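**Student:** Following is a predicted model, sequence given first.
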Amino acid sequence: MLLHFANPLAWLFAGLFAVLIALYLWERSRRTVTVPSLLLWEVIPQSTARATRFIPDWLFVLQALLLLLLITGLAGPYLSNAPAGPRQ
């Protein structure tokens, strides 16, 4: 049995993962924290103060999983019997 897709062009929507990551990083950079004083933070260089690694939280993982399931459902997977090769 082989797995085929009724609409393989639906996998082009996988580019939405890049949009999801961009939105996640944009929202993360917008967070503001109210602190009483910035005196201690002035010593820290700007490059180390901002996290450069992509560390997703559970909500991001759930959104990515939902997006994957929606794209897979749109692609329409089905199983089919592959024609057997010539038997000798």
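**Tutor:** Here it is on my side, so go on. For clarity, every value in this text was computed on a predicted model and none was experimentally measured.
**Student:** Mind checking what secondary structure residue 79 has?
**Tutor:** strand (DSSP: H, G, I helix; E, B strand; the rest coil).
**Student:** For the closest residue to it other than its chain neighbours, list the residues it contacts.
**Tutor:** Once flanking residues are discounted, residue 79 sits nearest to residue 1: 4.8 Å by Cβ to Cβ, 6 or more residues apart in numbering. In short, each C-beta sits where N, CA and C put it, glycine included. Residues in contact with residue 1 (Cβ atoms under 8 Å, 6 or more residues apart in numbering) are 79-82.
**Student:** in this protein, which spans are helices?
**Tutor:** 16-30, 46-49, 58-75 (DSSP state H).
**Student:** quick one, which of the ones you listed is nearest to residue 8?
**Tutor:** Ranking the helices of the chain by proximity to residue 8 (Cβ to Cβ) places helix 58-75 first, at 6.4 Å.
**Student:** For this protein, spot the helix or strand the model is least confident about on average.
**Tutor:** helix 46-49 (a mean of 53; mean pLDDT, DSSP states H and E).
**Student:** Just list the residues touching residue 39, thanks.
**Tutor:** Per Cβ under 8 Å, 6+ apart, neighbours of residue 39: none.
**Student:** returning to what we had before: just give me the least confident of the contacts of residue 1.
**Tutor:** Lowest in pLDDT among these is residue 82, which has 70.
**Student:** And the pLDDT at the residue nearest to residue 79?
**Tutor:** So, for residue 1, pLDDT stands at 79.
**Student:** Specify which residues of the chain, grouped into ranges, have pLDDT under the cut-off.
**Tutor:** For the chain, the stretches with pLDDT under 70 are 29-31, 40-41, 43-53, 84-88.
**Student:** picking that back up, okay, the residue nearest to residue 79 and residue 56: tell me how far apart.
**Tutor:** Noted for residue 1: a distance of 34 Å to residue 56, by Cβ to Cβ, to the nearest Å.
**Student:** Repeat that for residue 21.
**Tutor:** Residue 21 is 8 Å from residue 56, by Cβ to Cβ.
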